[in-house]
Structures are given as structure tokens and as C-alpha cells.
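Novice: please find the sequence and the predicted model below.
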Amino acid sequence: MSGRLLAISDLHVRHRGNRAALDRLAGTPDDWLILAGDLGETEEHLRTVFEVLGPKFGRLLWVPGNHELWSTKHSPLQGPERYDALVALCREHGVVTPEDPYPVWEGAGGPAHVCPMFLLYDYSFGPEGSTKAEALAWAAEQGLVCSDEFRLKPGTAKTREAWCQQRLDATAARLEQLDPALPTVLINHWQLRRELVRIPRIARFVIWCGTEQTADWHTRFRAKVVVSGHLHLRTTDWIDGTRFEEVSLGYPRHWRTEADPMRYVREILPGPAEGPAGGFGGPIFHR
């Protein structure tokens, strides 16, 4: 098997410039493409992405972002029911989801288990020891409230943080069953570690960006690479010898719409041979 394992997220195809870029996104049948969430807000947005990109790549892999989980008058399903409907849509198009067996990448940089995950967040990225209510009040002091508070409805899960805990428990149990001889590529829309959330203008938005419970998952589950989106900041970091890739495209103001959109697709494997020796390597920005 040849080819590369590639990734992009936050395509947000409801924006005209992003939708045009989707058609211009080239691919090769030997490459797999990870779609790390926030492709759009509706089932039709996802269907469009899959129909355009499916023929261009050997395999598509998807994890949900918060935008895909939003409930609207056109997509009234909530919480796990909404997520299950999106998984069913993916399967109609042969797209690998967090509910499917984790495939093994056998190409350059492999072998490695490729693990799409859906973990959500639990407000634990707020001030140490704070409750959810305190974290929300802390963010509100800077005028910040995420649209998730109105649009990402937990449905039968009751609360977003309870849903997050369910997802964490189920995903960790699956990862524990993997062959320990192989490394992993962990994929989640939200960040696995708080220090990776570097958005100074809206710093307290951090509470909607992940959970402290995954801080050691890159070592616990032998990650060669961790892939995420959500921040609209394309960065590469090294922590404990693991490469962390934020792979967002973002809204049209976050990228050069006149550029070849393939420049925003990140190579996950094989990737660079090695990075900084230990510790927090700091960002490599890709604007």
C-alpha cells in the first residue's frame, strides 16, 4: 500500500468561498483523507462533501464537530439521535466513523491504528476546580458564550458533559483493546490537551474546547500523531514525542481563498521523521 494519510477539518461549506474550494480540492486514490469535523451544519452539507471528495481519495474518515451536532428547524434531531443519523449518512457513502472498527494504515509511516473519536467537552478547561456554572460565568465576563449552549442539544444524554463522559468511557474501552504493538493516530475534533488551545483574543472560549480527562491519552494509547480541528489555527506541536496537528481550514477569513486548497490539507503519515526531543515543542503555524 502506498500513498499518504492526510487530514483537514472545519470546511464549513455553507460559506460560498469554502464550497468553491471543495470542488478545487485535488486528491489521489492512494491517499486516505481524515475529515476532522465541522464540515457543515446540515446533512446536505455532509452529503455534498462526501460526494465531492469520495471519488478523489481511497478512503474518507470522519469525526463530528460541534456544528454538525447542532439542532435546527431543518434538522430537529438532538444529541445521540442526531449523531446516529450522521453516522448512518456516513455509512451510506462508505465513510469510516467513530462507531466503526478502527482501520490499520499500512502505507508510508505505518502500520498504525487510525482511530476516529467523538469525545466532546466537559467544561474542565475552565479555572481549576470550577463548576460548569462557574466556568460559564468566567467566560461570560469577557462576553463569550458558544452557540453550542443554544444549538448543541444533548437530547437523551441530558447534558453535554454527561454525553462527554459516556463518549470518553466507551472510547477508552475500545482503545484499550487495540494491539499494543501498533501505534495509533488519534482523531478528535476538540483538543486533547488544554495548552494546545491558544486563541488570545477569545482565550476563555477554551471551556468549549476539550476535557482534562484526555491529557494523557497521547501516551496512554501510544499515539504517533493526534489530529484535531475546531480552533481554525493550523499548528504543529510536539509533546512527549507525539506530534499534534490542528488541521482546520476555517471560515473564509481564516485562509487565502485564492490559494490552492490542497495547501491546507495536512500530511499526517508519513509526516516528518521526528520532532523536538521531549516537552512542549511549540507551534509551527501554517497560515
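Specialist: Now that the structure is in, tell me what you want to look at. None of these values were measured; they are calculated from a predicted model. Numbers count the residues shown, from 1 in each chain.
Novice: contacts only, for Glu134.
Specialist: Under the criterion of Cβ atoms under 8 Å, 6 or more residues apart in numbering, the contact list for Glu134 reads Gly126, Pro127. Just so you know, the C-beta spots here come from the backbone N, C-alpha and C atoms, and that holds for glycine as well.
Novice: before we go further, it is sitting in a helix, right?
Specialist: Yes: checked against DSSP: H, G, I helix; E, B strand; the rest coil, Glu134 lies within a helix.
Novice: quick check: it vs Pro80, distance?
Specialist: Distance, Glu134 to Pro80, by Cβ to Cβ, to the nearest Å: 27 Å.
Novice: in stretch 19-37, what's buried?
Specialist: Arg19, Ala21, Leu22, Leu25, Gly27, Asp31, Trp32, Leu33, Ile34, Leu35, Ala36, Gly37 (16 or more other Cβ atoms under 10 Å).
Novice: also stretch 126-146?
Specialist: If you call a residue buried by 16+ other Cβ under 10 Å, then stretch 126-146 has these buried ones: Gly126, Ser130, Ala135, Leu136, Trp138, Ala139, Leu144, Cys146.
Novice: start and end of that stretch, how far apart?
Specialist: Between the start and the finish of stretch 126-146 there is a gap of 14 Å, counting by Cα to Cα, to the nearest Å.
Novice: isn't Ala157 right up against Gly79?
Specialist: Yes: counting by Cβ atoms under 8 Å, a contact exists between Ala157 and Gly79, whose distance comes to 4.8 Å.
Novice: and the buried residues of stretch 126-146, which two are furthest apart?
Specialist: Taking every pair in the buried residues of stretch 126-146 and measuring Cβ to Cβ, the maximum separation is 16.1 Å, between Ser130 and Cys146.
Novice: returning to that earlier point: with distance to Ala223 added, can I get the buried residues of stretch 126-146 in CSV?
Specialist: Converted to CSV, these look like this (distance: Cβ to Cβ, whole Å):
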residue, distance to Ala223
Gly126, 25
Ser130, 28
Ala135, 27
Leu136, 31
Trp138, 30
Ala139, 29
Leu144, 30
Cys146, 27
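Novice: now, which of those residues sits nearest Leu196?
Specialist: Minimum distance to Leu196 across these is 15.9 Å, recorded for Gly126 (Cβ to Cβ).
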